[in-house]
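[1] Kindly return the folded structure for what I paste below:
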Amino acid sequence: QAMDQDKALEVYDIIRTIRDPEKPNTLEELEVVTENCVEVQEIGEDEYLVIIRFTPTVPHCSLATLIGLCLRIKLQRCLPFRHKLEIYITEGTHSTEEDINKQINDKERVAAAMENPNLREIVEQCVTEPD
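    Alright, predicted model coming up:
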């Protein structure tokens, strides 16, 4: 099935401005996300599978889960089309990538994380567009 390039660019435009939890930079500036890390496939009528593979800045990045959470929250809020979202760490770029992949793709765990006021505040700071 052909990848939907326009939709992939649309997704990238949404996530590239997410800010790093620790640095003043965006995920795009730190090359945590690139245009090539987004894949979009049509899976039904007007429904798309969005796959994102992001690369943490270091293999033991303690904020990888938080970055995945930011990606998910921002896309859930901003994507203008029906979608199924899968977020992964680029293979071989993190020491606990399997655990993190499970965490950020588990609806209950994401919901629980967003109920934590401290975590929610950090996510909001990262996903809010700068004026």
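
[2] L79 and V11 touch, don't they?
    Yes. Judged on Cβ atoms under 8 Å, L79 makes contact with V11 at a distance of 6.9 Å. Glycine gets a C-beta too; all of them are placed from N, C-alpha and C.

[3] Now the residue nearest to the spatial centre of the chain: which helix or strand?
    Centroid-nearest residue in the chain, with Cα atoms, centre = their mean: L71, separated by 2.5 Å. Secondary structure from DSSP states H and E places L71 in helix 64-78.

[4] coming back round to it: which of L79 and V11 has more neighbours?
    The residue with more neighbours, out of L79 and V11, is V11; 28 against 16, by other Cβ atoms under 10 Å.

[5] show me the residues around that one that make contact.
    Contacts for V11 (Cβ atoms under 8 Å, 6 or more residues apart in numbering) come out as V38, V40, V50, I52, L75, L79.

[6] Now do the helix or strand containing A8 against helix 64-78, angle only.
    For A8, the host element (DSSP H and E) is helix 5-15. For helix 5-15 against helix 64-78, the angle by axes from the mean of the first three to the mean of the last three Cα atoms, to 10 degrees is 120 degrees.
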